[in-house]
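Undergrad: Predicted model and sequence below, questions to follow.
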Amino acid sequence: MLEMYELQQMQSLPLELKIRKTEIRIREWYNHYYGDVYVAFSGGKDSTVLLDIVRSQYPNVPAVFVDTGLEYPEIRDFVKSIDNVVWLKPEMNFKKVIETYGYPVISKRISRYINDLQNPTEKNVASRNLRLTGMNQKGEYCPSMVLSKKWRYLVEAPFKISDKCCDVMKKGPMKKYVKETGRVPLTGEIAAESRMRMQTYLRQGCNGYDLKSPKSTPMGFWLEQDVLHYLKDNNIPYSKIYGDIIEKNGELICTGEQRTGCMFCMFGVHMTKGENRFQRMKRTHPSQWKFCINQLGLGEILDYIKVDYGKDTFW
């Protein structure tokens, strides 16, 4: 278990030291599992850096990409340019997932809480009580487990909400791959990206040997600027979706998309200042915009949570 100040100290290290520490963690992981490892490769910039560092030491380590059908075309094109990539597919497409379980909105945590309340059963009475009152079965108050009053109106929404999308479309195929091959993953997750990832990193550090599903996050203590400097300074190819990496106000930024992930995911879109991902998608990928807004019904959901997705700016 790491303390927050220990993570902050590592985050403040110069990039060269971070690279060396990451290389050590990769070697430890590789040796522990006798080389039966793989890189979970999304085609994004973080996993691109990780794959480069891993293969600088172990050139034959496979990259594994889950082709969910939700990636930007530029991401898929980039993945196709990389050698030794295993392509996996989920058993359900996104349309089937949202029909079966519900739409991903607000955040993974909030969607999970709403899903509990939208689907009352005899088996989840305690969970529903926890979401509404914060009281667990021991009579302890757990404020982080309560659904905020701000989002309780979504429980009565005329559509289903769920956090299952990532589990079904990404984690499911990866778990199947691990079971079939015996390989264990290295991922490009970075603690600074979210509170959930930070808490996970503080609990397990870089190499989670004792987890139910062992996983290495050897770049967990990196920052966004480290990733961009690594790509730019080493002239590493990356997906065109990010545009150019330029310096602005003393920091490096991407002129294209800042983050990628699944195109149709609505997690966090309500917090965007300025042009959000759906407004930008209408401008840059109009066919995908039309498909998700109209055929997948995302327009109805975004209207319900009062997010502007560009519906009034028709061409």
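TA: Nice, thanks for sending it over. Quick caveat, the model's predicted, so the values are computed rather than measured.
Undergrad: How far does stretch 119-129 sit from its chain's centre?
TA: How far stretch 119-129 lies from its chain's middle: 28 Å, per Cα atoms, centre = their mean, to the nearest Å.
Undergrad: send the alpha carbons of that stretch over as CSV?
TA: C-alpha atoms of stretch 119-129 as CSV (Å, rounded to 0.1, in the frame of the first residue of the first chain):
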residue,chain,number,x,y,z
ASN,A,119,-33.4,-3.3,-11.3
PRO,A,120,-34.8,-4.1,-7.9
THR,A,121,-34.7,-7.8,-6.9
GLU,A,122,-34.8,-9.7,-3.6
LYS,A,123,-31.0,-10.3,-4.0
ASN,A,124,-30.0,-6.6,-4.2
VAL,A,125,-32.1,-5.2,-1.4
ALA,A,126,-28.9,-4.4,0.6
SER,A,127,-27.2,-2.8,-2.4
ARG,A,128,-30.2,-0.6,-3.1
ASN,A,129,-30.4,0.5,0.5
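Undergrad: Go ahead and name everything in contact with stretch 207-219.
TA: 18, 22, 25-26, 28-29, 32, 37, 46, 49-50, 53, 175, 178, 184-191, 201, 204, 206, 227 (Cβ atoms under 8 Å, 6 or more residues apart in numbering). Where you see a C-beta, it was placed from the backbone N, CA and C, and this is true even at glycine.
Undergrad: Of those, grab the buried ones for ChimeraX.
TA: Remark: buried members of the contacts of stretch 207-219, expressed as a ChimeraX selection using 16 or more other Cβ atoms under 10 Å:
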select :18,22,25,26,29,37,46,49,50,53,178,184,185,186,187,188,189,190,191,201,204,206,227
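Undergrad: Just the ones in helices from the contacts of stretch 207-219, please.
TA: Secondary structure from DSSP state H places 18, 22, 25-26, 28-29, 32, 46, 49-50, 53, 175, 178, 201, 204, 227 of these in helices.
Undergrad: Out of those residues, which comes closest to Glu99?
TA: Lys175 (22.4 Å; Cβ to Cβ).
Undergrad: Run through the residues that contact the closest one.
TA: Applying Cβ under 8 Å, 6+ apart, the residues near Lys175 are Ser213.
Undergrad: which residues sit against stretch 96-103?
TA: So stretch 96-103 is contacted by 92, 111, 115, 118, 159-162, 164-165, 168-169, 266, 296-298, 301 (Cβ under 8 Å, 6+ apart).
Undergrad: likewise stretch 223-238?
TA: 11, 15, 18-19, 45-46, 48-49, 52, 78, 81, 190, 192, 219, 245, 251-254.
Undergrad: Quick one: distance of it to the chain centre.
TA: Taking mean C-alpha positions (Cα atoms, centre = their mean), stretch 223-238 and its chain are 19 Å apart.
Undergrad: Buried residues in it, which are they?
TA: Buried, per 16+ other Cβ under 10 Å, within stretch 223-238: Leu223, Glu224, Asp226, Val227, Leu228, His229, Tyr230, Leu231, Tyr238.
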